[in-house]
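Trainee: I'll drop the sequence and a predicted model, then ask my questions.
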Amino acid sequence: MEIYFLALGMLFAGALVSAAVKEQWKFKICSVFSLIASAMLFIPAAAVLLTGGTLKQTVYMSPILGNVEFVIDPLSAFFVMVISVMSLLGTIYANGYMKPYLNKGMNVSSHCFFLMMLITSMILVVTVQNALFFLIVWELMSLSSFFLVIFEGEKKEVISAGIKYLVYMHLSVIFIIAAFVLLNIQSNSLSFADFAAVLQNNANLANIVFLLAFTGFGIKAGFVPFHNWLPDAHPAAPSHVSGIMSGVMIKTGIYGILRVLLFVGTPSKLVSYTVLIISVISALYGVLYAITQHDIKRLLAYHSIENIGIIGIGIGAGMLGLAYSNPVVAALGFAGGILHILNHSIFKELLFFAAGSVYLKTHTRNIEKLGGLIKNMPYTGLMFIIGSVAICGLPPFNGFISEFLIYAGMLQGVPASEINLFITLIFAIAGLAMVGTMAILCFTKASGITFLGNPRSENAMNVQGDVSRVMIIPMGILAFLTFFIGMYPQYFIGAVLVPVFMFIKNEAVMPVFNSVMELVSVLSWYFFIFLIMVLVLFALRAVLNRKTQIHNTWGCGYDRANNHMQYTASSYADLFISTLKPLFKRVTHIKKPKELFPKEAYYELEIEDIEEAYIVKPLVMWDEKLLAKFERIQSGNIQQYILFGLIFLILAIVGMIYFGG
Amino acid sequence: MISLLINILILLFVPFLMIGVIKKTKAFWAGRKGVSIMQPLWDFLRLMKKDSVISETTSWVFKFAPVAGFASILFAALFVPLVAGKPIFNIPFAFVVFSYILGFGKFFSLIAALDTGSSFEGMGASREACFSTIVEPAFFIGMASIAALSQNYTFESLRLILKNAGTYGYLIIALLAVTLFIMLLIECCRVPVDDPTTHLELTMIHEVMILDNSGADLGLITWGSAIKMFLFEALIANLILPVSLHGWMALAAFLAVVFILAVIVGTVESSMARFRMTHVFEFIFIMSITALIILALVTYRMYGG
């Protein structure tokens, strides 16, 4: 446990040192310190995951906080592992990505400082087991990520995205505080260990607390309808930050949900259905809007919503398994969900890094202006395609394994005792299948339009060479991991199993689980056969195709096709979008051609999030109208303000005497 | 061992004959004599010998896609029951693996279409991707329902319906056969969804995606799509054939079903024109509806009455 505190100290020292050194050294310092810290954190986390034990240390902090317990149990260990590795890769990637921003008078010092603080606070969030201290580090995490998002704060859209993010995070914290306060009142304690005891015999309170926590942590994780900050914040942030935020930070929301689930023990059927249904909706909604987006990072942000949905489907299936005391479903559901946390953090970070490399080279995120990049950026292109295949859940990559476990869990639960469980699970299976195929549509669009075909603009045409090696290597590691987990899932499922058994205290599940493990290892052999088949066929094809001629693309006899005649991202998605018209708000900007010799004309289609258009915006408008009525008391007169303060104090004291008894 | 060899031989060569039967049927309805049933095989061999022309726009993706597509179809075939009802890789949840493996090949053929930078090929890719978003959920609902019915998650559940569902079984089998047949028409791009022999690029789906492929690449693609169609026919055959058949009888019955289905596909193609693109969705939704009816029947069988 000492090594854990030492690692935290290391991260904090990294934050301070990086603030002090010259600009070109800052990110190197960050990487070195986070490398050391990750290596140190690896030891206790691996020990916990291998032995299944728990490391604990109680520290007396202050009279208010009391004793703060730092605990690394299997669930925490899993998250510590994911956070430290992914953040390390993020800081390494930042070395290359931030190079053009150095020595330009931008505030790189604070960026580095908050980057390290974000990593520190994320590690703390998943290991602290004291409600008040948890809220403090949670807030630290939200604030440091806010400062990272607004790095390019001189741009208007960046600052407004940042503020939106801040508002959402504070909505989230309100719900979390409410849940913790309820628990605190009941247990008279701030320790997580005491919370569990309170909820064991109080089913109603457990429901309320869980739903409050699910809302609060769900805003962080990005479940629909609380997802709205994600598609704004991720494009605004620098790419390594988007990678870390989408890859690991939103997973702390999932961690919170799982932690509260541990307090609850056996969830009620009501909340289990709620989680599953919201997750299916999130997954479908996320991928649906991802298809409509042409800003590559916005598209990836919507995909985070989808993947959070998939994780939620796993957890929801697991909760239903617990609620209906079907341990097999519970085990497979949780295993799939928790493994998908790891998988998603890997391929989402990979995709954000690749997208960042594209942005660095072309200065645009609009995929309609890209194309043909694979010729000048072969490695980035390969990485993006690998990430795309993995995120679609296609074998032999890692996404398939976790989705397969979730399918297996739900199918095992299907011959259920109750009709509503049966129907719900079948529709969840169908939903997951639909999400998979829509992801294929979305990522063939993203990778095909961005990297393949002909360049669609000057920006894409003038790319010279791939990004530097310091950016390729983290991507390469991530790409290798997606493949490795896909080929050898046994070992990773084994590691996931330890946290899963915190939720299921039933050893009877072991034989079934072993059979699934066996199935998965058989599958990994089959995938080897598949790989050999692909390689042999590829070699065979090269032999057969020795004589090839190069000619331009077939254009139905027309020989002078140019890059503007290519199929575009909008047209690629249009068939699908026009089929599902009612689900989108289409905003069109048209300038019709006028006069005899029209000079300027354009047509632009923008797809707005219906949740934002019909719920958030009216709410904000209504709020503004309400608050405008209070303008009158804002006179700018300080004496008057002091008077207001005095009146408030008197009211507060009167209230205390009256109600406090 | 012998049955394994026979299965592999059937898997590799019967698809050509099946395509030949479809062509022959169409020729019959058109009043022509038609080409030999073996012609698709000769066409394939000729393509393999040819040199190829490759677009200057393309990258490695374009070269990899035919291989990925063919390998994924061949690999998916190992999970599908052929004669005698047992697939080579008999594992639970095989239909999930089957769909996702096919998805791997589909992913690469879709981006290969975008790789050429053509004004047409993206169109076919867009259509293919779009249709499968509706096809897959229906397939999963159907398969999950019958898996629940027999509590068997392998493809053997196709053969256990009658045993577990009693008289409803016949209805479920009929509906599932319709579902799978529509899926065959969509996935293998036959009339009325797509016309494989059309000459207008604007109306194509699958054919337009492979406009730029030639030589051995095109050969692999045609062989792959024939095998893919054969796989769906094999699923239908396993669904409707009696479980009690064994040995050579099973083989004969299996081949008979495959060729009869080929004749049906040919007859459908001769008797109707392809739908307008907007009507294709309505056609695909039939599949969703039959899948939902299967779900309703299974639910009634398990919980009602």
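Mentor: Perfect, I can see it now. From a predicted model like this one, the values you see are computed outputs, not experimental measurements. Numbers count the residues shown, from 1 in each chain, chains lettered A, B, ... in the order given.

Trainee: shaky segments in chain A?
Mentor: Applying pLDDT under 70 to chain A flags residues A:416, A:506-507, A:661.

Trainee: can you pull out the strands in it?
Mentor: A:55-62, A:66-72, A:548-551, A:585-591, A:602-608 (DSSP state E).

Trainee: now do the contacts for residue 68.
Mentor: Answering for chain A, as no chain was given. Residues in contact with residue A:68 (C-beta atoms under 8 Å, 6 or more residues apart in numbering or on different chains) are A:58-61, A:128-130, A:133. No exception for glycine: its C-beta is placed from N, CA and C like everyone else's.

Trainee: I was thinking of chain B, sorry if that wasn't clear
Mentor: Counting by C-beta under 8 Å, 6+ apart, residue B:68 has contacts A:534, B:104-105, B:107-109.

Trainee: quick one: residues contacting residue 232.
Mentor: The chain I'm using is chain A. Contacts of residue A:232 were listed using C-beta under 8 Å, 6+ apart, and they are A:160-161, A:164-165.

Trainee: wait, chain B was what I had in mind.
Mentor: Contact analysis of residue B:232 by C-beta under 8 Å, 6+ apart lists B:180-181, B:183-184, B:187-188.

Trainee: give me the buried subset of those residues.
Mentor: B:180-181, B:183-184, B:187-188 (16 or more other C-beta atoms under 10 Å in any protein chain shown).

Trainee: my read is that residue A:309 contacts residue A:286, right?
Mentor: Yes - assessed by C-beta atoms under 8 Å, residue A:309 is found in contact with residue A:286 at 5.9 Å.

Trainee: so what sits against both of those two?
Mentor: Jointly contacting residue A:309 and residue A:286 under the rule C-beta under 8 Å, 6+ apart are residue A:224.

Trainee: hmm, back to that, most neighbours of all the contacts of residue B:68, which one?
Mentor: Within the contacts of residue B:68, most neighbours by other C-beta atoms under 10 Å in any protein chain shown means residue B:107, with 27 neighbours.

Trainee: and the pLDDT for that one?
Mentor: Here the pLDDT value assigned to residue B:107 is 96.

Trainee: surely it is in contact with residue A:394?
Mentor: Yes - counting by C-beta under 8 Å, residue B:107 does reach residue A:394; the two are 6.1 Å apart.

Trainee: up against chain B, what does the stretch 251-400 of chain A have?
Mentor: Within the stretch 251-400 of chain A, the residues that sit near chain B (C-beta under 8 Å from any C-beta of the partner chain) are A:371-372, A:374-375, A:381, A:385, A:388-389, A:392-395, A:400.

Trainee: could you pull up phi and psi at the residue of chain B found nearest chain A?
Mentor: Nearest to chain A, among the residues of chain B, is residue B:122, at 2.5 Å (C-beta to the nearest C-beta). Here is the backbone geometry of residue B:122 (degrees, to the nearest 10): phi -60, psi -30.

Trainee: pretty sure residue B:175 contacts residue B:292?
Mentor: No - counting by C-beta under 8 Å, residue B:175 does not reach residue B:292; the two are 9.7 Å apart.

Trainee: centroid residue for chain B?
Mentor: Nearest residue to the geometric centre of chain B (C-alpha atoms, centre = their mean): residue B:229, 3.2 Å.

Trainee: how about that one, secondary structure?
Mentor: helix (DSSP: H, G, I helix; E, B strand; the rest coil).

Trainee: contacts only, for it.
Mentor: Here residue B:229 is in contact with B:15, B:18-19, B:184, B:187-188, B:190 (C-beta under 8 Å, 6+ apart).

Trainee: so of the contacts of residue B:232, which ones are in helices?
Mentor: Members of these lying in helices (criterion: DSSP state H): B:180-181, B:183-184, B:187.

Trainee: hmm, back to that, same list (the contacts of residue B:229) but as TSV, adding distance to chain A and pLDDT.
Mentor: Below are these laid out as TSV (distance: C-beta to the nearest C-beta, whole Å; pLDDT from 0 to 100):
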residue	distance to chain A	pLDDT
B:15	17	95
B:18	22	95
B:19	21	94
B:184	17	94
B:187	12	90
B:188	17	88
B:190	20	87
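
Trainee: if we take those, which one ends up nearest to residue A:339?
Mentor: Relative to residue A:339, the closest of the contacts of residue B:229 is residue B:187; by C-beta to C-beta it sits at 29.8 Å.
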